[in-house]
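Undergrad: sequence first, then the predicted structure, then my questions.
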Amino acid sequence: MSVAAELPPASRPPSSSSSWSWWEQAGQAWWGLDDVPAGAGPRVAAMGVFDGVHRGHAAVVTEAARLARSRGVRSVAVTFHPHPAVVLGRRQEPAALVSVRRRAELLRAAGADDVLVLPFTQELAAEPAECFVQRVLRRGLGCRGVVVGADFRFGAGGTGDLTTLRRTLGPGAAVVGVRPVLRDAERCSSTLARQLAAQGRVDALTDLLGRPHRVEAVPVGVPDALTGGHAAGPARVVVEPLDAGAARLAEGPYRARVLPLGCPAFDVGPVLDGGRGLEVGRGLPVGPVLDVEVVHGAAGMRLLLAGGAWASTQCGSLAIDLLARLDDDDAGARRGHGAPRAVAHRRVVHP
Ligand SMILES: Cc1cc2nc3c(=O)[nH]c(=O)nc-3n(C[C@H](O)[C@H](O)[C@H](O)COP(=O)(O)O)c2cc1C
Ligand SMILES: Nc1ncnc2c1ncn2[C@@H]1O[C@H](COP(=O)(O)OP(=O)(O)OP(=O)(O)O)[C@@H](O)[C@H]1O
């Protein structure tokens, strides 16, 4: 039986959700082995969860792409969702740094020709490593090579490793274990990235990811008065993460670049915040830099965008790239004390 056929329907995004329509539009990923086109030829796979696609992940995917090119085949990033630790009850919170849609986009940006999302279930967790390699990597994807981190473990009991891959894939296949990519002598990991986000350590997080951390969000309200569609003074827009399980971000003020999401034909429109609307450079929209305040409440995480009236009126959803934490002294103090503490809310006024 195929992986997709074994899935509960809820594992796949509902076709009515906006994120699913982006999947379809972008043709970003295969969802389950059944989606993989038959007879598409051999491949080299990179394998892992890849939440956040940090620099360590990028090294694995880039190596798979290089190996695939050298063998004249396509590369595929094989990723799992939800996170095994959540499915296996080792982690309570389903906190993910990025949505699966964004993960697929980042894996492609790192060099993967294709992305396969395998829904992670109790059944998959119980599958012996050798069976997984035979069923998914050999028969399903025709792998001529596999690239993982040198310490990657998989399969029932976590017994699968590089040796398992070499033995099971056979002599013609290349199996590469990428040496750990470090940041400040610490192994880059999604767990570390989630910790840095929870502590509001934007500089360290940017360094670990190799790019600014992005929150994908949708406007839900305008707290400040808007008169006839025009801002009466500095406007603030409330936005909520698109992904209800988005990893926690420390409360407090940030500076962020805000981009329209999923609307490629975005019209710049009237600029409501004094001339700093979207510019178009090299075919890509370059959003305005805005002050953002992150708050947590009963409804979950919310972000208040200063001067973001254009966003609520012009575009359904937004990408918010965090550039800096505004209260650096406070962040420094937090670093010194280890544990994150609440940051007093400061009203962010757009200049
Ligand atoms: C293909 C595959 C990939 C896996 N990847 C991960 C992983 O990235 N992280 C993780 O914690 N567990 C992962 N697991 C789960 C563990 O290998 C293992 O199934 C789990 O720890 C259950 O172990 P148990 O049989 O001792 O209960 C993966 C399992 C499979 C089959
Ligand atoms: N720092 C790193 N250097 C090299 N390879 C890495 C690094 N981190 C992860 N990998 C590899 O990238 C793939 C995906 O990693 P995966 O998401 O499973 O691990 P992770 O980043 O440690 O996540 P988590 O912290 O959630 O367990 C795996 O093959 C893994 O071994």
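TA: Perfect, I can see it now. Ligands and ions are numbered 1, 2, ... in the order given.
Undergrad: so Val78 versus Ala193, what's the distance?
TA: Here Val78 is placed at a distance of 20 Å from Ala193 (Cβ to Cβ, to the nearest Å). Just so you know, the C-beta spots here come from the backbone N, C-alpha and C atoms, and that holds for glycine as well.
Undergrad: tell me which residue is most central in this protein.
TA: The centroid of the chain falls nearest to Val98 when counting by Cα atoms, centre = their mean (2.7 Å).
Undergrad: would you agree that residue is in contact with Val49?
TA: No: Val98 is not in contact with Val49 according to Cβ atoms under 8 Å; the separation is 11.5 Å.
Undergrad: how about the residue nearest to the centre of the chain, phi and psi?
TA: Main-chain torsions, Val98, degrees, to the nearest 10: phi -140, psi 160.
Undergrad: Arg138 - that's part of a helix, no?
TA: Yes: when DSSP: H, G, I helix; E, B strand; the rest coil is applied, Arg138 is found to be in a helix.
Undergrad: and it, what does it touch?
TA: Listed by Cβ atoms under 8 Å, 6 or more residues apart in numbering, the contact set of Arg138 reads 168-170.
Undergrad: so the nearest residue to Ala112 once chain neighbours are set aside bridges to which residues?
TA: If you skip the residues right next to it in sequence, Ala112 has Ala77 as its closest partner in space, 3.9 Å away by Cβ to Cβ, 6 or more residues apart in numbering. Here Ala77 sits in beta bridges with Ala46, Val115, going by DSSP bridges.
Undergrad: near ligand 1, which residues of the stretch 1-150 of the chain?
TA: Contact residues of the stretch 1-150 of the chain with respect to ligand 1, defined by Cβ under 6 Å from any ligand atom, are listed as 48-49, 80, 84-85, 88, 124-125, 127, 132.
Undergrad: same question, the stretch 251-351 of the chain
TA: Within the stretch 251-351 of the chain, not a single residue sits near ligand 1 (Cβ under 6 Å from any ligand atom).
Undergrad: what number of residues lie near Val289?
TA: For Val289, the number of neighbouring residues by other Cβ atoms under 10 Å comes to 15.
Undergrad: how about it, phi and psi?
TA: Dihedral angles for Val289 - degrees, to the nearest 10 - are phi -90, psi 120.
Undergrad: nearest residue to it other than its sequence neighbours?
TA: With Cβ to Cβ, 6+ apart, the residue lying closest to Val289 is Arg257, at 5.3 Å.
Undergrad: quick check: the one you found is in a helix.
TA: No: the assignment for Arg257, made by three-state DSSP, is strand rather than a helix.
Undergrad: that one is in contact with Leu323, isn't it?
TA: Yes: counting by Cβ under 8 Å, Arg257 sits close enough to Leu323 to count as a contact (6.0 Å).
Undergrad: need the overlap of contacts for these two.
TA: For the pair Arg257 and Leu323, residues contacting each of them under the criterion Cβ under 8 Å, 6+ apart are 212, 289.
Undergrad: pLDDT below threshold where in the stretch 201-350 of the chain?
TA: Filtered on pLDDT under 70, the stretch 201-350 of the chain yields the residue ranges 222-235, 262-286, 307-316, 328-350.
Undergrad: of all the residues in it, which one is nearest ligand 2?
TA: Leu208 (9.1 Å; Cβ to the nearest ligand atom).
Undergrad: from Arg66, how far off is that residue?
TA: 22 Å.
Undergrad: neighbour count: these two, which is higher?
TA: For Leu208 and Arg66, the more surrounded residue by other Cβ under 10 Å is Leu208, and the numbers stand at 26 against 15.
Undergrad: hmm, the more buried one is touching Val181, no?
TA: No: distance between Leu208 and Val181: 9.5 Å, which falls outside the contact criterion (Cβ under 8 Å).
Undergrad: need the overlap of contacts for the two.
TA: By the contact definition Cβ under 8 Å, 6+ apart, Leu208 and Val181 are jointly contacted by 55, 188.
Undergrad: where do the helices sit along the stretch 201-350 of the chain?
TA: Remark: helices of the stretch 201-350 of the chain, listed N- to C-terminal, are 202-209, 309-314, 328-337; assignment by DSSP state H, counting those that start in this stretch.
Undergrad: which other residues reach the first one?
TA: Contacting residues not belonging to helix 202-209 are listed as 52-55, 183-184, 188, 192-193, 196-197, 212-213, 254, 322-325, 331 [Cβ under 8 Å, 6+ apart].
Undergrad: are any of those buried, and which?
TA: When burial is judged by neighbour count using 16 or more other Cβ atoms under 10 Å, the buried members of the contacts of helix 202-209 are 52-55, 183, 188, 192-193, 196-197, 212-213, 254, 322-323, 325, 331.
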